[in-house]
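1. here is the input, now give the coordinates:
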Amino acid sequence: MKEQLTDKVVDWYKERYPQVQNNRPSAESYKAISLLVDTILLPVWSNFGEVHITYGFTSPQLLRSIQKQSPSGIAPSLDQHASCESRRSGKLISPRLGAAVDFKVTGYELRMDQIARWVHGNLPFDRMYFYGKSRPLHVSVGPEQSRFVQIMAESPSGKRYPSKRATGSLGIEIWDDLQ
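-> Numbers count the residues shown, from 1 in each chain. Below you'll find the model as predicted:
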């Protein structure tokens, strides 16, 4: 199961970006992805069911392709999808290191708040971005393991923006007002 999930985190892009030939992680990124699978994805799968990766590891080559096709709505220096990878200049894409994944769980596609609450209450993580009950959940692991939760709201035009946020145990209260 671990190998299958690791492959899903790395190979998630194949249907959306078939022109990308290489999304191989470096050894350091692979370690971070493995930690993400062990601490987040395997426990979620064991407790709720099949995990579907909607956005996973992003190599420098894949990142360049994504930025050409749809540059809005991504924040590579913040989101940890590039894990421990560097730009051509040698500078880290995301200085936060770690690894991130966006996912849904089969049978919970309209109730991702339940998954988010459970992850928050039971698993170690660095950052979590909650985009809505029917949207994928973003979770990362990293050196800080800050347990930062950001609730994203949506404007009438459909644009996402940061709403409530909390860090650590204060994050428990953040879920109370979700409808």
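2. this protein: strands as residue ranges?
-> Taking DSSP state E as the test, the strands found in the chain are 51-55, 99-105, 127-130, 137-141, 148-154, 160-167.
3. going by mean pLDDT, which of those strands comes out lowest?
-> Of all these, strand 160-167 carries the lowest average pLDDT, namely a mean of 88.
4. tell me the buried residues in that one?
-> By neighbour count on 16 or more other CB atoms under 10 Å, the buried set for strand 160-167 is K164, R165, A166. From N, CA and C alone the C-beta is placed, and that goes for glycine too.
5. just the closest of these to D7, please.
-> R165 (32.3 Å; CB to CB).
6. any idea what that closest one is bridged to?
-> Counting by DSSP bridges, R165 is bridged to Q150.
7. separation between it and W118?
-> Computed as CB to CB, to the nearest Å, the R165 to W118 distance reads 19 Å.
8. coming back round to it: turn the strands of the chain into a markdown table, columns for distance to P18.
-> Below are these laid out as a markdown table (distance: least, CB to CB, whole Å):
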| stretch | distance to P18 |
| --- | --- |
| strand 51-55 | 16 |
| strand 99-105 | 19 |
| strand 127-130 | 27 |
| strand 137-141 | 24 |
| strand 148-154 | 29 |
| strand 160-167 | 26 |
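9. among these, which comes closest to P76?
-> Nearest to P76 among the strands of the chain is strand 99-105 (10.4 Å), distances taken as CB to CB.
10. direction included, what does the closest one pair against?
-> Going by DSSP bridges, the partners of strand 99-105 are strand 51-55 (antiparallel), strand 137-141 (antiparallel).
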